[in-house]
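[1] just to be clear, the model below is a prediction. Sequence and coordinates:
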Amino acid sequence: MAPDEQTLKRRAEVREAVLGPAGAPASYSTPPSTLAAPLLEWSESAVWDLWSRPGLPLRDRSLVTITALAIQGRADQLEIHLRAAARIGWTQEQIAEWINHLALYGGIATAAAALSVAQKVAKTS
C-alpha cells in the first residue's frame, strides 16, 4: 500500500531537517537497479518514519545513530550522520566529548576511527 501524501510530506520534512535540502549524497540519488528498488523503497520509508516519531528529539536520534555507526565501523555512513549532527545542532565540542565517551564503552580503536571521520567532516564543513 502506497503511503498517503501526509506521510510522504512528513518523511520529506524530517529528511531535510536531518540531511539538509540536498538530502543524501549523490551516490544515494542514483536510480536503483530493478533488484535494489524494493530494498531502497523499504529502507527509505523505515528510516524516515522512525526519525519522524515523536518519542525522541532529532538530537537524541542523531546521537544513537552516530554511536551505532561508529561501533559498526561504518565510516561512510558516519560521515553523513556527523554532518547531519552538526545540522541538528551538535557542536564540535560535543562531538569531541561524544568520541571521548565512546572510547570508554566502544573501544579506543573505534573512537580513533570516529575521530578520523569527525576531523574530515570538520575540515570540509
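    Perfect, thanks for sending it.
[2] domains in this protein, as residue ranges please.
    Residue ranges for the domains of the chain, per automatic domain parsing: 1-55, 57-125.
[3] what residue lies at the spatial centre of the chain?
    The residue lying closest to the centre of the chain (CA atoms, centre = their mean) is H81, at 3.3 Å.
[4] next, the buried residues of the top helix by length along the chain.
    In the chain, taking DSSP state H as the definition, the longest helix is helix 108-124. By 16 or more other CB atoms under 10 Å, the buried positions in helix 108-124 come out as 110-111, 113-115, 117-118, 121. C-betas here are computed from N, CA, C, even on glycine.
[5] and for stretch 50-59?
    So, applying 16+ other CB under 10 Å, buried residues of stretch 50-59: 51-52, 58.
[6] do stretch 63-70 as well
    63, 65-67, 69-70.
[7] let me see the mean pLDDT of it.
    For stretch 63-70, the mean per-residue pLDDT is 97.
[8] what of stretch 40-50?
    Stretch 40-50 comes out at a mean pLDDT of 88.
[9] returning to what we had before: looking at the buried residues of stretch 63-70, which is nearest G23?
    T65 (16.1 Å; CB to CB).
[10] what's the first helix or strand after the helix or strand of the chain at the bottom of the mean pLDDT ranking?
    Using mean pLDDT, DSSP states H and E, helix 26-29 stands out as the lowest-scoring helix or strand of the chain, at a mean of 51. Sequence order places helix 37-51 as the next helix or strand after helix 26-29, per DSSP states H and E.
[11] show me what that following helix is packed against.
    Here helix 37-51 touches helix 5-19, helix 58-72, going by 3 or more CB pairs under 8 Å, 6 or more residues apart in numbering; DSSP states H and E.
[12] give me the contacts around it.
    3, 7, 10-12, 14-15, 18, 32, 58, 61 (CB atoms under 8 Å, 6 or more residues apart in numbering).
[13] now, of those, which are buried?
    10-11, 14-15, 18, 58, 61.
[14] one step back: save the helices and strands packed on helix 37-51 as a markdown table, and put in distance to T91 too.
    Below are these laid out as a markdown table (distance: least, CB to CB, whole Å):
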| stretch | distance to T91 |
| --- | --- |
| helix 5-19 | 17 |
| helix 58-72 | 11 |
